[in-house]
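J.: Any chance you could fold what I've pasted below:
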Amino acid sequence: MAHLHIKPGTTWAEAYARCRVEAPEAFGADALLNLIGGDWVSTGESDAHSSPNDGTVMFGPPRIDHQTAVDAVALAAQLHTAWARIPLSERIGRVTEAVDLLQSQRDLLALLLVWEIGKPWLIALADVDRCIDGVRWYLDQIPRQLKVGTSEERTPLSGPVSNIASWNYPMSVQVHAELVQCLAGNAVVAKTPSQGGFHTLTLAHAIMKRAGLPVTLLSGIGSSLGDVLIRSEEIGALAGFDVVVAADVTVIDLLQVVTEDDHRERGLDSFLTRTVLDTIAATEGGLVIPSCPFVASYIDPRAQYQSLVAV
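T.: Next comes the predicted model:
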């Protein structure tokens, strides 16, 4: 087996120590914390997690029980009620602050992805950059997308968005989606994946909380928390890796259109997007959240798809 060469200053112990310096409220000496009701709470049980790189042992996610999740969702609903009243200009300011803070911690976020998921360094950096760049695009476009000042102005959901995302893209998919949801006037609840990404998400949510965003971060076993995060009456929408359910409609969250390098510049992105949108349009109650900037830019000039946008 090849020996793993570790650059000075980038060991797991050093990465975690940096997290404790940057966000001591979220990273304990012997465990991660959950973010509940706007406070970092030491609760739940953690098992050891091993890095896919070399087996280095690190703290696993602090798994909460069912009742704690129920209480957390209720508190998130209160955060949502308050946040929904915040003017868009202030929401833009707070999300901008969060993105700027994420940018300042770009290398540390990427280093966490390297250790806990096993992403190569450049790919880890790209995952962070896609999150930051994607949300900056929405910061410029959100007034028009919400149709501010028109009779069709879009308003926040009835409750917070519950996010249960895939483990392998915690920044470019999950955090990106959450920031856009906050920008649109919604509080968010996020569950950390059990396979990895929880340290990255903990640091990202500490930054988002510091910027004044209404975020909740929970860890736990799906069988224990699933019904709370999916079926609670307080939840306004469920955002998974690709599907959102809200009230009596099905909302597809288009998070990212990906074309392999060898097949780019052939119009495949447009073809895939058009095919998906046409399928959604043919579905009764079908709506779309264009979290992917390409999808949003595709919809904007095409009137036949604009009525499909949920937020």
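
J.: Is Ala76 in contact with Val189, as I believe?
T.: Yes: between Ala76 and Val189 a contact is recorded at 4.9 Å, counting by Cβ atoms under 8 Å. Bear in mind the C-beta positions are built from the backbone N, C-alpha and C, glycine included.

J.: Find residues that contact each of the two.
T.: Shared contacts of Ala76 and Val189 (Cβ atoms under 8 Å, 6 or more residues apart in numbering): 160, 216.

J.: These two: which is more packed in?
T.: Val189 (34 against 30; other Cβ atoms under 10 Å).

J.: so what's that one bridging to?
T.: Per DSSP bridges, the residues bridged to Val189 are Ser162, Thr216.

J.: For it, give me its contacts.
T.: By Cβ under 8 Å, 6+ apart, the neighbours of Val189 are 72-73, 76, 160-163, 216, 218, 229, 235.

J.: hmm, 6 Å instead?
T.: By Cβ atoms under 6 Å, 6 or more residues apart in numbering, the residues touching Val189 are 76, 160, 162, 216.

J.: Enumerate every residue touching the last one.
T.: Read it as Thr216. So Thr216 contacts 35, 72, 76, 189 (Cβ under 6 Å, 6+ apart).

J.: my guess is the first one contacts Pro214, does it?
T.: Spelled out, that is Leu35. No: in this structure Leu35 lies outside contact range of Pro214 using Cβ atoms under 6 Å: 10.5 Å.

J.: I'd like to know the average pLDDT value across stretch 140-150.
T.: The average pLDDT within stretch 140-150 is 91.

J.: Can you find the helix or strand in this protein with the smallest mean pLDDT?
T.: Counting by mean pLDDT, DSSP states H and E, the chain has its least confident helix or strand at strand 243-246, which shows a mean of 45.

J.: which one is Trp83 nearest to, not counting chain neighbours?
T.: Among residues not flanking Trp83 along the chain, Pro214 sits closest, at 4.3 Å (Cβ to Cβ, 6 or more residues apart in numbering).

J.: Nice, that's everything, thank you.
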